[in-house]
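> pasting a predicted model and its sequence here:
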There are 2 protein chains.
Amino acid sequence: MTISRRVLALAGGVGGAKLVAGLAALLGEQLTVLVNTGDDFEHLGLHVSPDLDTVVYTLAGIANPATGWAIVDETWTFMDQIERLGGPTWFRLGDRDLATHIVRTERLRRGDTLSAITADICRAFNLGPTVLPMTDDPVRTIIHSGEETIAFQDYFVRQKCAPPVSALSFAGAAAARVNPRLDGLQRDDPPLAIILCPSNPWLSVAPILAVPGVRSRLKELGAPIIAVSPIVGGRAIKGPTAKIMGELGLEPSATTVAQHYAGLIDALIIDDADAASADAIAALGIAVRTAQTVMRTMADRVALARACLDFAGVLANRTA
Amino acid sequence: MTISRRVLALAGGVGGAKLVAGLAALLGEQLTVLVNTGDDFEHLGLHVSPDLDTVVYTLAGIANPATGWAIVDETWTFMDQIERLGGPTWFRLGDRDLATHIVRTERLRRGDTLSAITADICRAFNLGPTVLPMTDDPVRTIIHSGEETIAFQDYFVRQKCAPPVSALSFAGAAAARVNPRLDGLQRDDPPLAIILCPSNPWLSVAPILAVPGVRSRLKELGAPIIAVSPIVGGRAIKGPTAKIMGELGLEPSATTVAQHYAGLIDALIIDDADAASADAIAALGIAVRTAQTVMRTMADRVALARACLDFAGVLANRTA
């Protein structure tokens, strides 16, 4: 199969980046990735964009395979010294990773956009795909835990997702403008498919969809919208997705993911282990296929990417 | 000899820091160092204070003995990545050193003073001496080379002191307020001696003396002011001092250093190699002694420090 049409993927961090890597292996420059920036925060005066960096480092082949985030063969001399100086050590910035944050922070202060900076970083790594922050405006994911509000990285890294989540909000989202490249995509190169990667739908994909105009633009692109469920056999492959679903009063299942995305997606790919949920999902008017969604190897990533694109081809023919 | 009285040293970078280390070995907490910040600059969005850091790292025992500046056993992963990202590499920031710049920059942006930040860094390193930036206000040393004006680090590091110096100026100095601790020193603990370390008189000591009120306050402290000549046998031990003197139309000699400081200093320590200049210097009304001023070992540093303090004791008795 040769792909000659553009594909748009929406992704958060580690889980999403794995499928993005598989898609990139098949699509190269035909892939555009719209990435969550709700996790962005300022730390030690530096603008850190964890999801953008995870996607870029994964595509550059320098992500640490053991963690999914951070850079392989990273050194930690800076953090040792920060500790000696009595600075905060709960969020660990590697020496190599620091270069990204420092270059980005300086350019943001000079007035460059996050999009322009990200494009230059991708160019430095010779990436084929286009990586777009969802917006150039500040959006911050906020965790509500009862009466308490917690900034995302504080919740996710410092508190290791321990506080029970009662609600989520995305500060700044209402005023944020969607990445203008999304409009260019529609005009110049309407995609074959839109793929919601298996990132946490509540923490990682929701901020992207909370930017005004994203949902309508995705619909207007006219391509089938396919999500990949991050829930396998009632559990999250990684991270707090299932825990949060339970705390929000939702059953952790592929069907719940389908219900969450209903109205937006045309299709859902669920894991082979969840085949029994296929009928319930189809009853929501969502086309469904099963696949091996747990990606342990690069071959797994490419196979799942191929399953997404095959499914998109079928769906596109069906509506054509 | 037990020193129970405070000593104030004025210092720039590497040469000055060596004598500061010798003084610290004898004086411990009784030493206060007023450090040049005219070399400070912003690089990659970070506030870098090269002379302050050289003094602090030297006192902390972590300065690289091969260079005098930078940290021993430093790693350079960050710079490798900056190069990969196409960033500037002419000013090299080590991974460990970065912690200082990042902590300082963040705190300056939050409104903390350079003095307060420096005090906390000294505390983290358990330093005995007090290290004071000459001012908390921005002063920037500017090199004039014919019609051209060059920022200090551009001249010193990027252009390796190649452009001929026709004049020097200290932008911001006229509006800068001297470090308020200097007044506290006068009130609470008048020093036994004031020592102008063998830093470049034109590049490193002049910016300190250019801050309004510094000269008069030094005089008011009532202690003998002793300089150590950075010129030995007509040459600078390190750096461009002799080259700059020549370009400014001055003969590179200990006598010229004495003429430069005349009116401020009471005494000058010159190298044994320059003993022949002693009479000419004495004729300026400046007391003079010879010593071994080239500091290759820690023992050399302590010996020169002891020579300074002995001389101060003699001078103080003479005026008492």
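Everything's here; your move.
> the stretch 1-150 of chain A against chain B: which residues are in contact?
Contact residues, the stretch 1-150 of chain A versus chain B (C-beta under 8 Å from any C-beta of the partner chain): A:44-46, A:74-75, A:77-78, A:80-82, A:84-87, A:94-100, A:102-103, A:105-106, A:109, A:120-121, A:124. For the C-beta atoms, the positions are set from N, CA and C on the backbone; glycine is no exception.
> need phi/psi at residue A:268.
phi -130, psi 130 (degrees, to the nearest 10).
> residues near it, how many?
28 (other C-beta atoms under 10 Å in any protein chain shown).
> now do it against chain B, distance only.
Separation of residue A:268 from chain B (C-beta to the nearest C-beta, to the nearest Å): 38 Å.
> which of the residues of the stretch 1-150 of chain A next to chain B fall within strands?
When strands are assigned by DSSP state E, the members of those inside them are residue A:46.
> pull out the buried members of the residues of the stretch 1-150 of chain A next to chain B.
Buried by 16 or more other C-beta atoms under 10 Å in any protein chain shown: A:44-46, A:74-75, A:77-78, A:80-82, A:85, A:87, A:94-100, A:102-103, A:105-106, A:120-121, A:124, out of the residues of the stretch 1-150 of chain A next to chain B.
> now, which of the residues you listed lie within helices?
When DSSP state H is applied, those are split such that A:77-78, A:80-82, A:95-100, A:102-103, A:105-106, A:120-121, A:124 fall in helices.
> tell me which residues touch residue A:68, please.
Taking C-beta atoms under 8 Å, 6 or more residues apart in numbering or on different chains, we find residue A:68 in contact with A:13-15, A:17-18, A:54, A:58, A:238.
> what does it show for phi and psi?
For residue A:68, the backbone dihedrals (degrees, to the nearest 10) come out as phi 90, psi -30.
> any idea how far residue A:236 is from it?
As judged by C-beta to C-beta, to the nearest Å, residue A:68 and residue A:236 stand 14 Å apart.
> please determine how far residue A:135 is located from residue A:170.
On the measure of C-beta to C-beta, residue A:135 and residue A:170 end up 11 Å apart.
> and for residue A:21?
According to C-beta to C-beta, residue A:21 stands 26 Å off from residue A:170.
> helices of the stretch 1-150 of chain A, start to end?
A:14-27, A:50-59, A:77-84, A:95-109, A:114-124 (DSSP state H, counting those that start in this stretch).
> nearest to residue B:218, out of those helices?
helix A:77-84 (34.2 Å; C-beta to C-beta).
> quick one: contacts for residue A:241?
A:200-203, A:230-231, A:252.
> can we see that at 7 Å?
A:200, A:230-231 (C-beta atoms under 7 Å, 6 or more residues apart in numbering or on different chains).
> what is the nearest of these to chain B?
residue A:200 (28.7 Å; C-beta to the nearest C-beta).
> that closest one reaches residue A:238, doesn't it?
No. With contact defined as C-beta atoms under 7 Å, residue A:200 does not reach residue A:238; the gap is 9.2 Å.
> mind checking which of these two has more residues around it?
Taking other C-beta under 10 Å, residue A:200 and residue A:238 do not tie; residue A:200 has more neighbours (24 against 15).
> need the contact list for whichever residue of the stretch 201-320 of chain A sits closest to chain B.
Proximity of the stretch 201-320 of chain A to chain B (C-beta to the nearest C-beta) peaks at residue A:298, 22.8 Å away. Residues counted as contacts of residue A:298 (C-beta under 7 Å, 6+ apart): none.
> ok, now the one 3 residues further on?
For residue A:301, the contacting residues are A:18-19, A:21-22, A:295, by C-beta under 7 Å, 6+ apart.
> between those residues, which is nearest residue A:214?
residue A:19 (19.0 Å).
> burial check on the residue in the stretch 151-300 of chain A positioned nearest to chain B, number of neighbours?
Nearest residue of the stretch 151-300 of chain A to chain B (C-beta to the nearest C-beta) works out as residue A:153 at 15.9 Å. Look at residue A:153: counted by other C-beta under 10 Å, it has 20 neighbours.
> helices of the stretch 201-320 of chain A, start to end?
Under DSSP H, counting those that start in this stretch, the stretch 201-320 of chain A gives helices at A:206-210, A:214-220, A:241-247, A:254-261, A:278-282, A:298-319.
> surely residue A:220 and residue A:186 touch.
Yes. Using C-beta under 7 Å, residue A:220 is in contact with residue A:186, at 6.2 Å.
> tell me what residue A:71 is bridged to.
Per DSSP bridges, the residues bridged to residue A:71 are residue A:63.
> residues near it, how many?
By other C-beta under 10 Å, the residues close to residue A:71 number 21.
> quick one on the thing from earlier: and the helices of the stretch 1-150 of chain A as TSV, adding mean pLDDT?
Below are the helices of the stretch 1-150 of chain A laid out as TSV (pLDDT from 0 to 100):
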stretch	mean pLDDT
helix A:14-27	95
helix A:50-59	97
helix A:77-84	97
helix A:95-109	98
helix A:114-124	97
